[in-house]
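> Everything below, folded, please.
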Amino acid sequence: MTNKRERVRQELLADPHLVEAIVDAVHEQVPAYTALDGSRFPEVRAIAAWATDRLLDHWVTDGVIGPGDLRRFRGIAAARAADGRPLQAVLRAYRVAAAVLADEVAARAPHLSAQDAFALTQLLLTAMDTISEEMTTAYAATSERLTGDRDRSLQLLLDDLIAGRHASLGALDARASRLGVQLPERYCLLVAEPVDTKALDSSGSDISLTTSTALLTALGGGGARGTSPVTTSLATTHGSRAVLLLPAASADAAPEVLRRHAWRGCVISGESLDRVAVAHRLAAGALDAAPPHAHHPDRVLTDADAHVLSLLAGHPVVSPDQIGRIVLGPLVDGAQRHLLEALTAYIDTGSANAAARELHLHPQSVRYRLRRVRDLTSRDPQDPWQRLTLDIARTIVLGGRGGQGPGR
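Below you'll find the model as predicted:
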């Protein structure tokens, strides 16, 4: 150990700029990390901080990467294999980090002796060689294990999607290809739970994967357990709920299947594959917050319900104007202004007859327009819960126009 090295180590570890410089460089120089979901960066920072501390400690003590360090690096490699981040990108990130660390040491100690500089260079080169070998082996072993246990691999894939653990759509496609599956481009995410919690598999509060898989099969998604590379559905569990990723067309069958099983659920179909985590958050939040009268045996909660509930809870994932458009759909178009006017009058007055008087129309004309509202929005103005969602949406849309209808 030299006093100069220890002083440099303490200065670097006390300065949060070091870890941020490493993370910024990796984010800028490694495309797979540029595309990372923002929720993944705390983990990247934690790994960078730990690895920096270990390398600087070895430099000060003239040590080498030990068994404990290697176990940690193997665990990191296994996690990256599970979430589909390419190994080449991971190893490049470590090389970028090593270069930043060397630059930071040089900037802090411009008068380091040749011996100190040589020791740092030797440590970084040796560490990168050892780390690369250990991580390559662990990554390959994990990939082989996951591919061999296909059912578990498919469950882990959906677990990672709903947790936001994916580097990019490209990495997701690569992971699906290794498993010999193709995820639906247009999908729906169904989060479902028993209406009666006593109907759970056991006395515990969690459901089994078998229950989720049975629900998947009932919805026509049994192909998830096949072997051909066709569009694949996925199933997992999340506490007391089943989570299914299905082709978008499967949403039509969900109400009947859930009714037969005495379940209720929320189907989200308006998010892209790189936003499955958002879809899950919306659906789970909707089931948490929906009042009893929002559920009906003949329907499931949808994007519109979930977005309204997220707005009411104070944590919407899109703007209020977008929520209004999601709920009202075609009614926001100028060509459908007469339908939005009829809906507004009906909500404000409470009946078709009173709305007809306000609009100077025959009551049958108003009732026809309300049927058209139901057809175009899949929302029934006569249903208390759905009328509330329509009321909130039209308030948002018309409020932005100073009370004027669309196109005025």
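> Quick check: which ranges of the stretch 201-350 of the chain have low pLDDT?
In the predicted model of the stretch 201-350 of the chain, residues 201-206, 221-230 satisfy pLDDT under 70.
> What segments of it are strands?
Chain-ordered strands for the stretch 201-350 of the chain, with DSSP state E, counting those that start in this stretch as the definition, fall at 234-238, 241-247, 263-268.
> Outside of the last one itself, which residues are in contact with it?
By C-beta atoms under 8 Å, 6 or more residues apart in numbering, the residues outside strand 263-268 that reach it are 188-195, 215, 242, 251, 254, 258, 279-280, 282-284, 286-287, 290, 295, 300-303, 305-306. C-beta: built from backbone N, CA, C; applies to glycine.
> In ChimeraX, select just the buried ones from those.
Applied in ChimeraX, the following selects the buried portion of the contacts of strand 263-268 according to 16 or more other C-beta atoms under 10 Å:
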select :188,189,190,191,192,193,194,215,242,251,254,258,279,280,282,283,284,286,287,290,295,300,301,302,303,305,306
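> from the contacts of strand 263-268, which ones fall inside helices?
The subset of the contacts of strand 263-268 located in helices under the criterion DSSP state H comprises 215, 254, 258, 279-280, 282-284, 286-287, 303, 305-306.
> quick one: the closest residue to residue 397 other than its chain neighbours from residue 346, how far?
Distances taken as C-beta to C-beta, 6 or more residues apart in numbering put residue 324 closest to residue 397, at 4.2 Å, once the chain neighbours are dropped. Taking C-beta to C-beta, to the nearest Å as the criterion, residue 324 is separated from residue 346 by 17 Å.
> I'd like to check which residues are in contact with residue 6.
When contacts are counted by C-beta under 8 Å, 6+ apart, residue 6 is found next to residue 60.
> Pull the contacting residues for residue 78.
With C-beta under 8 Å, 6+ apart, residue 78 has these contacts: 138, 139, 141, 142.
> Please tell me how far the most centrally placed residue in the chain sits from residue 162.
The residue at the geometric middle of the chain, judged as the C-alpha nearest the mean C-alpha position with C-alpha atoms, centre = their mean, is residue 277 (1.4 Å). Distance, residue 277 to residue 162, by C-beta to C-beta: 6 Å.
> Repeat that for residue 281.
Taking C-beta to C-beta as the measure, residue 281 falls 8 Å from residue 162.
> got it, and residue 195?
Plainly put, residue 195 is 22 Å away from residue 162 if you go by C-beta to C-beta.
> again with residue 260
Relative to residue 162, residue 260 is positioned 25 Å away (criterion: C-beta to C-beta).
> Of the two, which one has the most company?
Ranked by neighbour count (other C-beta atoms under 10 Å), residue 260 and residue 162 place residue 162 first, with 22 against 10.
> residues touching that one, list them.
Neighbouring residues of residue 162 by C-beta under 8 Å, 6+ apart: 189, 236, 238, 243, 276, 277, 280.
> For residue 7, state which of these is nearest.
residue 277 (43.9 Å; C-beta to C-beta).
> who's in contact with that closest one?
Residue 277 is in contact with 37, 39, 161, 162, 163, 164, counting by C-beta under 8 Å, 6+ apart.
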